[in-house]
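# pasting the sequence and the predicted coordinates here, then a few questions.
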Amino acid sequence: MRQNIIVLSPARKNATRVIQHEYVHFLLANHEDFVYPPWYHEGFAEFLGTAALEDQDVEIGAPPGGLWGFRMATWVPLEELLATKDRTNVSVATLYGQSWAFVHYLNFGRDGKGNATRELTTFFRARERGRSVEDAVESAFGMSVDQLDADLQKYVKKRRFSSLVAGIEHFDLGASPTLRTLSRGEIATALGELSLLRGRPELGFQYFQDALAVEPASSRARLGLANAHVLARRWTDAEAEYGALLEAIPDDAVAHLDYANFLHWQAREVTDEAERAQLARRARSHYVKSWKLDDSIPETYAGYGATFLLEGQPTEKGLKTLRHAHQMLPSSVDICIDLALAYHTLGRSEDARRLLIATVGYIHDEARRKEVEAVLVKTGGVPGGEASGT
């Protein structure tokens, strides 16, 4: 929830296209206007994933390398593709290739007729209102879904596909990223944090110790040690490390956040109701300190709200901050799950199911998808089903 990490294989010569593809997913998943379906996630990510800069020109729309394999695959009716909300319903080749073809067709395949942005907006809004794919296509594109399907099939049989080449001066690039060489301590700390994300606290502990050996004053590495203790369930060591850190850096928002998460973790583990309530209150106090120091971290609000999901706690008091966290970072699966559980507990199971079904649509990781589907079943939903409409 705090940062995006890209891990590259040293064997890969050029990962630009993969990075661009995944970054488009990130942008779409955090776009407030729509919850985009799987076909648009993959089609638009493939469409922009091949964007290339050469000299001072940008090319957009070049076909992806796997296009020819997609042409050999079984064609899925467009109505079925546009209706799917679960990426497991169609093959990967079809989802990527046919979705790319549809996005490319809308932008380049109609001889200047139509407006892809306006038409897609109309289509997505119609679907959100519960209208069928057939009705949504009619209202957005002015033709039946069967006719649109026939036009698309004719389009993909072309030998060449158009692309757009424009000077870089036509694009609003915004602020340029800052590139710098990391120190040895920073590299070790980053590897330690990655190890914790992979559930390997002992390896992380070694990396953090390596970082402190060359940069003894690194508060980030010390915080990593404390977090490694938590993941390894060495709670006494974690408490001591956090205590020393908060005394040394009392105005560090992340230190307060991690300590709050530690207290929250303990609250989930204890069986005594009074002890659980006390730990929850302590956790909330540090979540509040964290967001007062830095109000830009979604995890802080999510953690605060999630403490009210603990047994015996008033769930309604956590809803506001959970919704705020979701507005800040709609793509976070953890936030979506906690918000859905809050909705369900408060009797708003339809809201919970709608949120979870939308979340399943853009998850690539199989384990995470199953986790969301388990919560969906708990709220009375059916994996692969629709919250409303058809």
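Nice, I can see it. Residues are numbered from 1 along each chain as shown.

# mind listing what's buried in stretch 269-283?
Neighbour counts over stretch 269-283 (16 or more other C-beta atoms under 10 Å) mark 276-277, 279-280, 282-283 as buried. No exception for glycine: its C-beta is placed from N, CA and C like everyone else's.

# with stretch 75-88 instead?
Applying a neighbour-count criterion of 16+ other C-beta under 10 Å, the buried positions in stretch 75-88 are 76, 78-79, 81-87.

# so for it, what's the average pLDDT?
Here the mean pLDDT over stretch 75-88 is 86, rounded to a whole number.

# do stretch 248-266 as well
Here the mean pLDDT over stretch 248-266 is 97, rounded to a whole number.

# same thing with stretch 145-155?
Model confidence over stretch 145-155 averages 95 on the pLDDT scale.

# can you check stretch 1-18 too?
In this model, stretch 1-18 has an average pLDDT of 77.

# what's the span of it from first residue to last?
With C-alpha to C-alpha, to the nearest Å as the measure, stretch 1-18 spans 21 Å from end to end.

# tell me how far that stretch lies from the chain's centre.
With C-alpha atoms, centre = their mean, to the nearest Å as the basis, stretch 1-18 stands 16 Å off its chain's centre.

# buried sites along it?
Within stretch 1-18, the residues scored as buried using 16+ other C-beta under 10 Å are 1, 17.

# could you list the residues in contact with it?
19, 22, 26, 49-50, 64, 194, 197, 254, 297-299, 302, 329, 332, 334-335 (C-beta atoms under 8 Å, 6 or more residues apart in numbering).

# of these, buried ones?
The neighbour-count test (16+ other C-beta under 10 Å) marks 49-50, 64, 254, 297-299, 302, 329, 332, 334-335 as buried among the contacts of stretch 1-18.

# not counting sequence-adjacent ones, nearest residue to the most centrally placed residue in the chain?
Nearest to the geometric centre of the chain sits Ser331, at 3.4 Å (C-alpha atoms, centre = their mean). Distances taken as C-beta to C-beta, 6 or more residues apart in numbering put Ala29 closest to Ser331, at 3.3 Å, once the chain neighbours are dropped.

# what is the neighbour count of the one you found?
20 (other C-beta atoms under 10 Å).

# surely it and Leu329 touch.
No. Ala29 is not in contact with Leu329 according to C-beta atoms under 8 Å; the separation is 9.0 Å.

# re earlier: I'd like the buried residues of stretch 75-88 as a markdown table, with secondary structure and distance to Ala340 appended.
What follows is those, written out as a markdown table (DSSP: H, G, I helix; E, B strand; the rest coil; distance: C-beta to C-beta, whole Å):
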| residue | secondary structure | distance to Ala340 |
| --- | --- | --- |
| Val76 | coil | 30 |
| Leu78 | helix | 31 |
| Glu79 | helix | 29 |
| Leu81 | helix | 26 |
| Leu82 | helix | 25 |
| Ala83 | helix | 23 |
| Thr84 | coil | 21 |
| Lys85 | coil | 15 |
| Asp86 | coil | 17 |
| Arg87 | helix | 19 |
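
# test my guess that Leu339 contacts Leu322.
Yes. The pair Leu339 and Leu322 qualifies as a contact (C-beta under 8 Å) at a distance of 4.6 Å.

# can I get stretch 178-191 in PDB, CA atoms only?
Output of stretch 178-191 as PDB, limited to C-alpha atoms (Å, rounded to 0.1, in the frame of the first residue of the first chain):
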ATOM      1  CA  THR A 178      14.500  11.300 -10.300                       C
ATOM      2  CA  LEU A 179      17.100   8.600 -10.900                       C
ATOM      3  CA  ARG A 180      20.000   8.000  -8.500                       C
ATOM      4  CA  THR A 181      22.400   5.300  -7.500                       C
ATOM      5  CA  LEU A 182      21.500   3.500  -4.300                       C
ATOM      6  CA  SER A 183      24.000   3.100  -1.500                       C
ATOM      7  CA  ARG A 184      24.900  -0.400  -0.400                       C
ATOM      8  CA  GLY A 185      22.800   0.000   2.800                       C
ATOM      9  CA  GLU A 186      19.800   1.100   0.800                       C
ATOM     10  CA  ILE A 187      20.100  -1.900  -1.500                       C
ATOM     11  CA  ALA A 188      20.300  -4.300   1.500                       C
ATOM     12  CA  THR A 189      17.300  -2.600   3.200                       C
ATOM     13  CA  ALA A 190      15.200  -2.800   0.000                       C
ATOM     14  CA  LEU A 191      16.100  -6.500  -0.300                       C
END
